[in-house]
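> curious how this folds, go ahead:
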Amino acid sequence: MSALPAVEVSECSFAYGKPSADSPPALDHVSFSVAQGAIFGLLGPNGSGKTTLFRILSTLLMPDSGSAQLFGIDVAEKALEARRHVGVVFQSQSLDRLLSVEENLVHHGHMHGMRGAGLTSRIDEVLARVGLGDRRKDRVGTLSGGLRRRADLAKGVLHGPRLLLLDEPNTGVDPVARRAFWGYLRELRQSEGVTVLLTTHSLDEADYCDQLAILDLGRLIRTGTPAELKAEIGGEVVTLEADRPAEIAAALADEFAVSDPWLDGSEIRFARSEGSQWAVRLMERFGPEVGSVKVSRPSLEDVFFRHAGRGFDPDGAAPGASPKPGP
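Residues are numbered from 1 along each chain as shown. Next comes the predicted model:
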């Protein structure tokens with residue numbers, strides 16, 4: 001396999017209109033790369049820049065500055081050539097609900113110049129891969145959300161792309177169908193060597209990825225494998241719920257030398273080794289002032305909290321919030 005990255009984004013910026021303090025750019029000098037054969041996730045709340053970046057990589061938008069390359073092909077300079085290597089599954093379904101699964105794939109194949117026995121054989125192959133061989137004659141409108149997502153995936157890979165772009169692929173899909181969908185993605189990666197890049201605002205789904213780029217308010221705040229990102233937190237995460245979190249945080253700094261707590265509403269979090277021992281000490285000290293104390297392993301939400309300076313709200317960034325700079 002070539003050492004050339006499947007995706008190379010360098011200092012990429014884009015703004016809808018003129019940027020201002022109240023309207024920052026959708027992307028602000030974002031840089032990362034995706035190795036061939038990886039399943040790579042763009043994680044962030046709504047408004048973080050994920051969809052804008054997705055549109056740039058699928059050649060629907062051009063960056064204002066910086067560059068984005070697919071297998072060494074610049075998407076701004078050679079959009080048509082770059083597009084030949086890409087399959088796209090949009091958040092909104094693009095299948096005709098009145099046609100059967102097979103009919104949808106036939107029409108999509110024709111758009112890519114596929115005809116005859118070659119197209120028929122390829123449809124058989126991709127439907128078998130996504131477990132829809134026995135549903136090929138069913139109208140798309142009669143399928144469950146999970147099955148329609150599989151049909152979307154079959155359409156996205158029908159023409160044999162090297163890179164598959166998925167925008168929020170499992171929005172509204174139940175957990176069982178979501179796990180099955182990930183199984184099909186891994187099968188495609190294994191059998192066809194396809195690289196997968198997806199956007200998500202689901203912390204659970206992000207944990208399935210090989211690597212992540214975490215975005216917030218248009219800026220890249222961290223990259224790495226899910227395990228690496230959580231390991232950076234260190235130890236265990238202690239979470240306190242209190243009516244007066246600012247006062248409790250001040251007491252933690254004065255009496256326990258906890259100078260780096262993360263405050264989110266009524267919650268106070270900090271990472272320490274031997275978190276269970278800390279929980280006992282804190283309950284002894286604060287007693288009824290604290291509603292609860294929880295000790296857990298670091299999560300991707302904790303990673304976002306530490307680097308963005310606030311909790312992860314999938315529905316959007318907090319007004320007036322400013323992300324911490326990435327590494």
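
> quick one: buried residues of the longest helix along the chain?
Longest helix in the chain, counting residues (DSSP state H): helix 175-192. With burial defined by 16 or more other CB atoms under 10 Å, the residues of helix 175-192 counted as buried are 177-178, 180-182, 184-185, 188-189. To be clear about C-beta, it is placed using only N, CA and C from the backbone, and glycine gets the same treatment.

> can you check stretch 12-25 too?
Within stretch 12-25, the residues that qualify as buried by neighbour count (16+ other CB under 10 Å) are 12-15, 19, 24-25.

> run through who's touching that stretch.
Defining contact as CB atoms under 8 Å, 6 or more residues apart in numbering, one finds that stretch 12-25 is touched by 26-31, 52-53, 56, 61, 63-68, 217-218.

> mind running it again at 6 Å?
Contact partners of stretch 12-25, identified using CB atoms under 6 Å, 6 or more residues apart in numbering, comprise 26-30, 52, 63-66, 68, 218.

> same thing with stretch 151-167?
By CB under 6 Å, 6+ apart, the surrounding residues in contact with stretch 151-167 are 6, 54, 57-58, 70, 85-91, 93, 95, 101, 105, 108-109, 112, 126-127, 130, 188, 194-199.

> coming back round to it: buried only: go through the contacts of stretch 12-25 for me.
Of the members of the contacts of stretch 12-25, the ones counted as buried by neighbours, 16+ other CB under 10 Å, are 26-28, 30, 52, 63, 66, 68, 218.

> quick check: which ranges of the protein have low pLDDT?
1-2, 19-21, 172, 316-327 (pLDDT under 70).

> I'd like the contacts of stretch 12-25 as a markdown table, with secondary structure appended.
As requested, those are arranged in a markdown table below (DSSP: H, G, I helix; E, B strand; the rest coil):
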| residue | secondary structure |
| --- | --- |
| Ala26 | coil |
| Leu27 | strand |
| Asp28 | strand |
| His29 | strand |
| Val30 | strand |
| Thr52 | helix |
| Pro63 | coil |
| Asp64 | coil |
| Ser65 | strand |
| Gly66 | strand |
| Ala68 | strand |
| Gly218 | coil |
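
> buried ones in stretch 103-115, by neighbour count?
Going by neighbour count (16+ other CB under 10 Å), the buried part of stretch 103-115 is 103-106, 108-109, 114.
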